[in-house]
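A.B. asks: Let me see the structure of the following:
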Amino acid sequence: MQNNWARSVPVRFSSVILFIVGLTWMAYLLREVLTPILVAFLIAYVLEPLVSLLERKGFNRALAVGFIMFLLIAFIAVAFLFIIPTIQQELQALISQFPSYLEKLQKVAIPYIEKRFKVHFPATIEEMLVQVKNHLVGVDASSIIDRFKRFLGLALSGAFNLVSWTVSVILVPVFIFYFLNDFNKIIIRVKAYLPVQFRDTIIAKFKEVDFVLSSFVRGQLIVCSVLAILYSTGLVLTGIEMPFLIGLVCGLASMIPYLGLMTCLVWGSLMALIKFGDFTHVLYVWAVVAVANGTDSGFVTPRVLGERVGLHPAVIMLAILVGGHLSGFVGVLFAVPVTAALNVFFRTILDTYMHSDFYTRKWSEEDHKQPESTGPETTQIDPR
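C.D. replies: Below is the predicted model of the structure:
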């Protein structure tokens, strides 16, 4: 005898929804523990097509995974050997030249800000100390102790987070290997748990999600890399300081719409003003930003991403803000892919609604009329 619960569609649907909500809430509570696993899965998802390609060429799955992991480690090693030292040199140059930058800011930028916004900055360290002393007059000693306790708590929390981050970094490659090695087994096991009646429909939708996510993740990596190269090369030609560091940061920031552009404009213009002190080199920086973004929007992005993701830039920025608010760095990392996946299901629901009888039916006046009474007829008696 079949169970009535199993035959009740509303109850089954509600149970599935509650299970998904509960699983999502549990993942949110354990987000710090799940961070290395999610990052490893994302990297494995990006690398899986390469493993499958080697497997089709005749390589053993485990051997293909080992080869891809070797290439990944080699790429990281090359980055540390060649790219990181260059950026480190630029950071050291920034630190060594920082006093001269401050002097230029004190002579040029600070007087302009004081004149424009009617504010006053301390000109010397002695003046700054006097202002700090005046600010501390009348401050209760207990409040200073409370602030010190909060600072100590933050320091201990930071030390714990550093240890946790180190362990996560060590675990990520291990999870990547296992995800890559068992990727097909995971897919087969997930398919086996899908309800038979809706299995084909669910698989078709997840294939669409996979197409959107693969297009975005792998395409976005290409776009950010191209922009980082264009920014760095152009800024080198302008002669400003730290061109590679600025180009790399702005290229990575391009994952968020307009953030890379604005970062390069502000940072590059500031460095041009500090070094050369004229507006001509600022125009050079603006020209580099214009050429790089024109190349990206006119050639790179349409061919790499196209309209596959289907998300408006405003939606992408909102998703990143919400993800960062909920889960910090992990939320920012997964905000756009998750939103792109949800957009696939939203389009499916919208398409179902647009083809439903409720939407396509033309309601007539008879549909809105109240039904006539079907009660017993009353016989009127003639008073005559």
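
A.B. asks: Name the residues that touch stretch 49-61?
C.D. replies: A64, V65, F67, I68, L180, N181, F183, N184, S214 (C-beta atoms under 8 Å, 6 or more residues apart in numbering). All C-beta spots, glycine's among them, are computed from the backbone N, C-alpha and C.

A.B. asks: Go again with 6 Å.
C.D. replies: With contacts defined as C-beta atoms under 6 Å, 6 or more residues apart in numbering, stretch 49-61 is touched by A64, V65, I68, L180.

A.B. asks: so for it, what's the average pLDDT?
C.D. replies: The pLDDT scores in stretch 49-61 average 88.

A.B. asks: Neighbour-wise, give me the winner out of the contacts of stretch 49-61.
C.D. replies: Among these, the one with the most neighbours (other C-beta atoms under 10 Å) is V65, at 26 neighbours.

A.B. asks: Tell me the confidence at the closest residue to that residue other than its chain neighbours?
C.D. replies: Using C-beta to C-beta, 6 or more residues apart in numbering and skipping residues adjacent in sequence, the residue nearest V65 is L180, 4.5 Å away. On the pLDDT scale, L180 is placed at 89.

A.B. asks: Can you give me the distance of L180 to K57?
C.D. replies: For L180, the distance to K57 (C-beta to C-beta, to the nearest Å) stands at 16 Å.

A.B. asks: What of L245?
C.D. replies: For L245, the distance to K57 - C-beta to C-beta - is 39 Å.

A.B. asks: More neighbours: which of these two?
C.D. replies: L245 (20 against 8).

A.B. asks: Surely the more buried one and Q88 touch.
C.D. replies: No: using C-beta atoms under 6 Å as the test, L245 is too far from Q88 to be in contact (9.3 Å).

A.B. asks: in terms of contact, does the residue nearest to V65 touch Y45 like I think?
C.D. replies: No: with contact defined as C-beta under 6 Å, L180 does not count as touching Y45 (9.4 Å).

A.B. asks: Low-confidence regions, the stretch 151-300 of the chain specifically.
C.D. replies: For the stretch 151-300 of the chain, the stretches with pLDDT under 70 are 151-152, 154-162.

A.B. asks: helix or strand for the residue nearest to A341 when sequence neighbours are not counted, which one?
C.D. replies: Take A341 and drop its neighbours on the chain: the residue closest to it by C-beta to C-beta, 6+ apart is V209, 4.7 Å away. Using DSSP states H and E, V209 maps to helix 199-238.

A.B. asks: okay, the angle between the helix or strand immediately after that helix in the chain and helix 199-238?
C.D. replies: For helix 199-238, the following helix or strand on the C-terminal side (DSSP H and E) is helix 243-253. Counting by axes from the mean of the first three to the mean of the last three C-alpha atoms, to 10 degrees, helix 243-253 lies at 160 degrees to helix 199-238.

A.B. asks: Please save the CA atoms from helix 243-253 in PDB.
C.D. replies: The C-alpha coordinates for helix 243-253 follow below in PDB (Å, rounded to 0.1, in the frame of the first residue of the first chain):
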ATOM      1  CA  PRO A 243      52.700  49.800 -13.600                       C
ATOM      2  CA  PHE A 244      52.600  46.000 -13.100                       C
ATOM      3  CA  LEU A 245      51.100  46.200  -9.600                       C
ATOM      4  CA  ILE A 246      48.400  48.600 -10.800                       C
ATOM      5  CA  GLY A 247      47.700  46.600 -13.900                       C
ATOM      6  CA  LEU A 248      47.400  43.300 -12.000                       C
ATOM      7  CA  VAL A 249      45.100  44.800  -9.300                       C
ATOM      8  CA  CYS A 250      42.900  46.600 -11.900                       C
ATOM      9  CA  GLY A 251      42.700  43.400 -14.000                       C
ATOM     10  CA  LEU A 252      41.500  41.400 -11.100                       C
ATOM     11  CA  ALA A 253      39.100  44.100 -10.100                       C
END
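
A.B. asks: quick one: it to chain centroid distance?
C.D. replies: 17 Å (C-alpha atoms, centre = their mean, to the nearest Å).

A.B. asks: neighbouring contacts of whichever helix or strand comes after that helix?
C.D. replies: As assigned by DSSP H and E, the chain's next helix or strand after helix 243-253 is helix 259-276. Here helix 259-276 makes contact (C-beta under 6 Å, 6+ apart) with 101, 104, 231, 240-241, 246, 250, 253-254, 281-282, 285, 289, 293.
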